[in-house]
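S.K.: Prediction below, plus the sequence it came from.
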Number of protein chains: 2
Amino acid sequence: MPRRSQGTIPLLTLDPGAANPLYRQLADALRRAILEGRVAPGTRLPSTRSLADDLAVSRSTVVTAFEQLNAEGYLVSRVGSGTSVPGDLPVASAGPLPTGPGDGTAARPWAPPPPRPFRPGIPALDEFGRGPFGRMLRSVWRSPDAHALALTPPAGDPDLRVAVARHLRGSRNVRCSPEDVLVTFGAQEGLAVAFEAVAGPGREVWMEHPGYIGARHAAESVGARPVPVPLDEHGLDVAAGRRRWPDAVAAYVTPSHQFPTGCTLSLPRRLELLEWAAEGDRWIVEDDYDSEFRLAGRPLPALQGLDEAGRVVYVGTFSKSLAPSLRLGWIVVPEPLRSRALGLRLARAGAGSPWLQQALARFMEEGHFARHIRRTRRLYRARRAALAQAVATHLSPRGVVLREPTGAMHALLDLPPGLRAAAVARSARDREVEVLPLDYFAIPPDTDVGEALLLGFAGYDEAAIADGAARLARALDDVGEAPPH
Amino acid sequence: MPRRSQGTIPLLTLDPGAANPLYRQLADALRRAILEGRVAPGTRLPSTRSLADDLAVSRSTVVTAFEQLNAEGYLVSRVGSGTSVPGDLPVASAGPLPTGPGDGTAARPWAPPPPRPFRPGIPALDEFGRGPFGRMLRSVWRSPDAHALALTPPAGDPDLRVAVARHLRGSRNVRCSPEDVLVTFGAQEGLAVAFEAVAGPGREVWMEHPGYIGARHAAESVGARPVPVPLDEHGLDVAAGRRRWPDAVAAYVTPSHQFPTGCTLSLPRRLELLEWAAEGDRWIVEDDYDSEFRLAGRPLPALQGLDEAGRVVYVGTFSKSLAPSLRLGWIVVPEPLRSRALGLRLARAGAGSPWLQQALARFMEEGHFARHIRRTRRLYRARRAALAQAVATHLSPRGVVLREPTGAMHALLDLPPGLRAAAVARSARDREVEVLPLDYFAIPPDTDVGEALLLGFAGYDEAAIADGAARLARALDDVGEAPPH
């Protein structure tokens, strides 16, 4: 029987009988209510517990729905003070929908605000924008071959597949030929295709806990069942995974640089994981999202390169190395899965546009990609030092501890006892600083992963980093002075 | 129990118990065998009937699998003489896969050949390539706003959504605001998202018969069940659909210019279809793929504009009006479906790259899109006249009859008695002319839709059209002289 909300938010109806899982029905209903302005920006929602009671669903259903909307920017969650619609979400501005022809005056739809410290996942965009990519794009457009181009090769531009395969073999020790490389719309499509190819509906997939929420959503979107496997200092605890989730058919890992904790999967663990996959015809989805930027010495070779049994689907992206707005990534697919993966992406999204792919192929062939990596690596090292300096100046006196970043894009700050990370993140937002509480990455939600903040620093110059740290310090003081929740 | 092929093709294993339908398992297995070179280019496959017996599956399973691979270019079907792998499919050239790093010499992956007469769906690409779009692309890249852009708005570039909404209201009488417009990776993603939003797994969706195969594949890819509804001179026979498929939850139609027959859905039929949708809370997916190019007078307004009940999902694309390689299209989604549609596309493919979208928004805002439509409409009118002339010269003497094209992109040729369209298409291929037999669009496969050929003419200049018609005439003679199959 359908379940309806009674509470402070508009009437929501969930249908436990529907194919669509309850958490997604709830997320859809709330998103719609927000888009329609029935839930106004700034509105505070009921607690997950009361809404769960209200709807007669499990609390984790509500938490997962909130997380999804949180990731999409429709909600901001505040541990201790519930969840609300961001006050600056300009959905109401769209106003009543004009109907009929002739109305050209409708409000411009909402667009995400520009990045500001310390939003994670943002590389040095100016550095890329100033570079020669624009010239490549122009020359691609000029070439008659491009003019004549009617369709895109289903698996991606052939030259880009060759360039990516060469890069992966040379710098990541990945075993692949261009035929193994499938160009995707960034890592998100790569993960969705990978999970759909290796895990059927309802099949369990190990997820690192804490781990990357986007991967979890990709797995859920194809009907797979993500299950949490804990981490220790050696990375994913394979033995624990075997004990708790013996029926899992695949594992999602970020072995080179675990997201968000930054730990590295040790060699014994890598072999243990590969053995687990090989012995049971299971699959490993390796997300090598920012491996180009390991600052301590040479990047670790990819797990895929150790794999003798061909059980690893290797996922990568240009979002971190160049720019998220390219929306380009790749998956390296073991041959037995290749045609299925290709079929899945074709029926869903079709092929991508060749223009950016051809420009990027040229960018790589002419060595600009490698140069850009070297240049930004130096830049990020300097920015990491600037962050350490700024933390020492503004935050260490307040008991905040910087975990030495192993990567070049983000860092973790441990908060002093008594401070809730989510409360600090909320308060930081009021100070125009973006930080994510580590528990945002908890799988399952609401499990204790310590009170720490994730800070992205790669995309911001020294001045912005110093200013951001000073603002964050003031945000900490605000919370300290605020009455306890 | 698993079913294995015994015949002339490599061992195939199908699992009737798997979630993946048999026809798709078969398509995947064959595609893989072809990609691996285990089935060499030029190889002739067993007949659908014998392969069906061999695998103990229904013949339509095999026919559907073959159709899928046909659409992807892995197979060419020849009525009367079975199906084979195109001789020019350079998959074997990839050779053995190099393993381990350092091997940069792998063969360049396969890419589709450039278009040649009379491949359908190809607009005047040179005309677009010569135009100002390149300048827009350059200026977009130069603008710092673009440099700073980190992420793409999930539903597409706001300015493009505004421009598309304005275009649709003004020229197609579509009721929409920019908020209703979701930018997609061409029509393919638009159709997949639309079908997934309106039809759950196993639910029946009316398809025009004969109709667009890509839409059928999109519906199947999301688990919906496409069912055939016949056409008459007024378009989709709604009464027949009601009788045969009373449980259908949605209908797919191309009302402005039915693909491939070119007929138009009459106003009474439009109202009948809208009534069917409104009375049963059913949905209509309107594919308005080439409406800009109706040559006879002003294009008919979209069905969506007549819809008082908000039951129409309107799908469009820039592939026909500008270039397929842009991979840009849109869906106009009724508000109740909007957030679900957005969620579906985000989890699957993520957002698209903003670069082309911003350039296209500018291209439309500055009036270049409207000018391009006007210019190409004149161009296509001339090319249509050239086709009529060439047919009169080379093909009419052989008993071929040109159906007066109602659109500007493709035409149908009726063959004289005794000639099989598929045999002529095969023979034309040997003469380096591409035509599609009308029965390729039969839903279900193998139902008689008459012996006719589909010719695209918009993308080819007068000389190429005349030459193509002459080659096609010779191909006809070849078939006439060939021993009967």
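M.R.: Looks like it came in fine.
S.K.: Please identify the helix or strand for the residue nearest the centre of chain A.
M.R.: By CA atoms, centre = their mean, chain A has its centre lying nearest to A:Gly214, at 4.4 Å. In this assignment (DSSP states H and E), A:Gly214 forms part of helix A:213-221.
S.K.: again with A:Phe128
M.R.: Assigned by DSSP H and E, A:Phe128 falls in helix A:125-130.
S.K.: Give the other helices and strands that that helix contacts.
M.R.: Contacts defined by 3 or more CB pairs under 8 Å, 6 or more residues apart in numbering or on different chains; DSSP states H and E place helix A:125-130 against helix A:368-390, helix B:144-148. For the C-beta atoms, the positions are set from N, CA and C on the backbone; glycine is no exception.
S.K.: could I get those as a markdown table with distance to A:Ala466 and mean neighbour count?
M.R.: Output for those, formatted as a markdown table (distance: least, CB to CB, whole Å; neighbours: other CB atoms under 10 Å in any protein chain shown):
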| stretch | distance to A:Ala466 | mean neighbour count |
| --- | --- | --- |
| helix A:368-390 | 5 | 17 |
| helix B:144-148 | 20 | 14 |
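S.K.: Quick one: the helices in the stretch 151-300 of chain A, in order.
M.R.: Here the stretch 151-300 of chain A has its helices, by DSSP state H, counting those that start in this stretch, at A:158-172, A:186-198, A:213-221, A:238-244, A:267-279.
S.K.: State which strand of chain A is the longest.
M.R.: Longest strand in chain A, counting residues (DSSP state E): strand A:225-232.
S.K.: Sort out which residues of it are buried, please.
M.R.: Under the neighbour-count criterion of 16 or more other CB atoms under 10 Å in any protein chain shown, strand A:225-232 has A:225-229, A:231 buried.
S.K.: of all the residues you listed, which comes closest to chain B?
M.R.: A:Pro226 (12.8 Å; CB to the nearest CB).
S.K.: if I pick the closest one, what's in contact with it?
M.R.: A:204-205, A:207, A:215-216, A:219-220, A:252, A:443 (CB atoms under 8 Å, 6 or more residues apart in numbering or on different chains).
S.K.: likewise A:Pro417?
M.R.: A:Gly399.
S.K.: sec struct for it, please.
M.R.: With DSSP: H, G, I helix; E, B strand; the rest coil as the basis, A:Pro417 sits in coil.
S.K.: How about the backbone phi and psi for it?
M.R.: phi -50, psi 140 (degrees, to the nearest 10).
S.K.: hang on, the earlier thing: what's in contact with the helix holding A:Gly214?
M.R.: A:21, A:24, A:67-68, A:71, A:187-188, A:191-192, A:195, A:199, A:205, A:207, A:225-226, A:252, A:285, A:287, A:440-441, A:443, B:344, B:347-348.
S.K.: Kindly check the end-to-end length of stretch A:198-209 for me.
M.R.: 20 Å (CA to CA, to the nearest Å).
S.K.: Do any residues in it lie close to chain B?
M.R.: Yes - Stretch A:198-209 is in contact with chain B by CB under 8 Å from any CB of the partner chain, via A:200-201.
S.K.: same deal with stretch A:464-481?
M.R.: No - Stretch A:464-481 is not in contact with chain B by CB under 8 Å from any CB; minimum separation 12.6 Å.
S.K.: What are the buried residues along that stretch?
M.R.: A:464-473, A:475-476, A:478-479.
S.K.: pLDDT weak spots in the stretch 351-485 of chain A?
M.R.: A:482-485 (pLDDT under 70).
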